[in-house]
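Q: Sequence and computational prediction follow.
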Amino acid sequence: MFHNPHTGNLTVLIKVLWIIFFNTLFSHLHLLSPGTGSSILSALQDLPLAFWPCRSKMEKHLQVISVLQWVISFLALGAACTLLLIYMFCTDCWLIAAMYTAWLIFDWNTPKQGGRRSSWVRNWTVWTYFRDYFPIRLIKTHNLLPNRNYIFGYHPHGIFCFGAFCNFGTEATGFSKKFPGIKPSLATLAGNFRLPVLRDYLMSGGICPVNKNSIDYLLSRNGTGNAVVIVVGGAAESLQCAPGVNSVTLKKRKGFVRLALQKGSDLVPVYSFGENDAYKQVIFEEGTYSRAIQKRLQKILGFAPCIFHGCGLFFGNSWGFVPYSKPITTIVGEPITVPKIEDPTEEMVDIYHTMYIKSLQCLFDKYKTRFGLKESDVLYIN
């Protein structure tokens, strides 16, 4: 019987896509038996050489896909699912949309009450490809006691906080093995948890809203061994990030210190070398009309609308949403022991805020030459 080679290639392509999906979802449930082409790479090797000439390129393609799916999910998943839900109400699927909306209302406060962490999702294979794309590393400098709670101050923000997400929203860099008994909760914009599907995606990684109710629950009513990761510089800091820039927005950011005192949670400075190198950004000078628009939109939306670019999907020298493949190394510093004071004075807040700044500065100075910076490079505190 005549065999069409194009049909065979199409079959293999379908097989690859099918295996990528199920490998991501079920690799840690051991539902795929060995020797049946269950590995993503072994499936890709069935393709003609015209598609993937070598194993290293196969891995690189998977790394790009894993990073791009996160970028697109963060930018568009919530909005797309909201529009889809509205559309479904106008179709024969309205009952499904109604049932999901009812569930959404019932489950509305879950993000503020510890969320719905999934160790299975945190250990997805896709996150190892995400990690290896840059690559991203997590370095532990001191032990953390499981009988204490912590507030991690993460610096700098960057555009997408790739280091924060990979290290604290997944197990790709082995957080639970390096800090046994500690559960990290990366805090992000509360608005993300009002969007269908995206909220569940974020919660599965242990990500929580960055608001008082959510953080209060984690540090007061969720036992010990909790580490809330706050990107202190926030949207304002993201407007200043660019390759080679070593500056953080911290001088007037004292709310996280006050919260640490109120809950008796230790402060831990965290710095990611290379976070600002993932994208290039058009930075508008203070006082310009463009910067004024950015700040205005920041107040309205809760995030800064940056004009940025990475590299293209198919050509490295073109512009696109794919971040540059630059190493990101996250250093978790020494914890600062904080007493519990329900109503701390401004003077007390200032004391611990100053201690935190000094600790972050020392952390930066100690490790900067190990990760591509010069001895003369300094960390600017804005």
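A: Cool, got the structure.

Q: Now the phi/psi pair for L219, please.
A: Main-chain torsions, L219, degrees, to the nearest 10: phi -90, psi -10.

Q: Next one: the closest residue to it other than its chain neighbours from H353, what distance?
A: Spatially, and ignoring its direct neighbours in sequence, L219 is nearest to K263 (4.2 Å; Cβ to Cβ, 6 or more residues apart in numbering). (C-beta placed from N, C-alpha, C; glycine too.) Taking Cβ to Cβ, to the nearest Å as the measure, K263 falls 16 Å from H353.

Q: ok, now W108?
A: In this view, W108 and H353 are 34 Å apart by Cβ to Cβ.

Q: same thing with L195?
A: Taken as Cβ to Cβ, the span from L195 to H353 is 34 Å.

Q: Next: L267.
A: 9 Å.

Q: With adjacent residues omitted, what lies nearest to I336?
A: L267 (4.3 Å).

Q: same question, A190
A: P209 (3.8 Å).

Q: got it, and F364?
A: L379 (4.3 Å).

Q: give me the number of residues near that neighbour?
A: Neighbour count for L379, taken as other Cβ atoms under 10 Å: 20.

Q: Return the backbone torsion pair for it.
A: phi -100, psi 120.

Q: Wait, it touches V245, no?
A: No: using Cβ atoms under 8 Å, L379 makes no contact with V245, being 10.4 Å away.

Q: what residues are up against I86?
A: With contact set as Cβ atoms under 8 Å, 6 or more residues apart in numbering, I86 has no partners.

Q: Which helix or which strand is home to it?
A: helix 78-88 (DSSP states H and E).

Q: in that helix, what's buried?
A: G78, A80, C81, L85, M88 (16 or more other Cβ atoms under 10 Å).

Q: since we're on I65, how many residues are nearby?
A: 17.

Q: same question, M203
A: 23.

Q: Relative to R117, how far out is it?
A: 7 Å.

Q: Check D266 too.
A: On the measure of Cβ to Cβ, D266 and R117 end up 21 Å apart.

Q: With W319 instead?
A: 36 Å.

Q: just to revisit the earlier point, enumerate every residue touching the residue nearest to A190.
A: Counting by Cβ under 8 Å, 6+ apart, P209 makes contact with P111, K112, A187, T188, L189, A190, N192, F193.

Q: And for R131?
A: Contacts here follow Cβ under 8 Å, 6+ apart; on that basis R131 touches C166, T170, A172, T173.

Q: JSON lines for the residues you listed, including neighbour count, distance to Y100 and pLDDT?
A: Below are the contacts of R131 laid out as JSON lines (neighbours: other Cβ atoms under 10 Å; distance: Cβ to Cβ, whole Å; pLDDT from 0 to 100):
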{"residue": "C166", "neighbour count": "28", "distance to Y100": "30", "pLDDT": "98"}
{"residue": "T170", "neighbour count": "24", "distance to Y100": "26", "pLDDT": "98"}
{"residue": "A172", "neighbour count": "24", "distance to Y100": "30", "pLDDT": "98"}
{"residue": "T173", "neighbour count": "20", "distance to Y100": "34", "pLDDT": "98"}
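
Q: Among those, which one sits closest to E286?
A: C166 (31.8 Å; Cβ to Cβ).

Q: Give me the spatial nearest neighbour of the most centrally placed residue in the chain, chain neighbours excluded.
A: The centroid of the chain falls nearest to F165 when counting by Cα atoms, centre = their mean (2.0 Å). Excluding the flanking residues, the one nearest F165 by Cβ to Cβ, 6+ apart is L186, at 6.7 Å.

Q: Cool, thanks, talk later.
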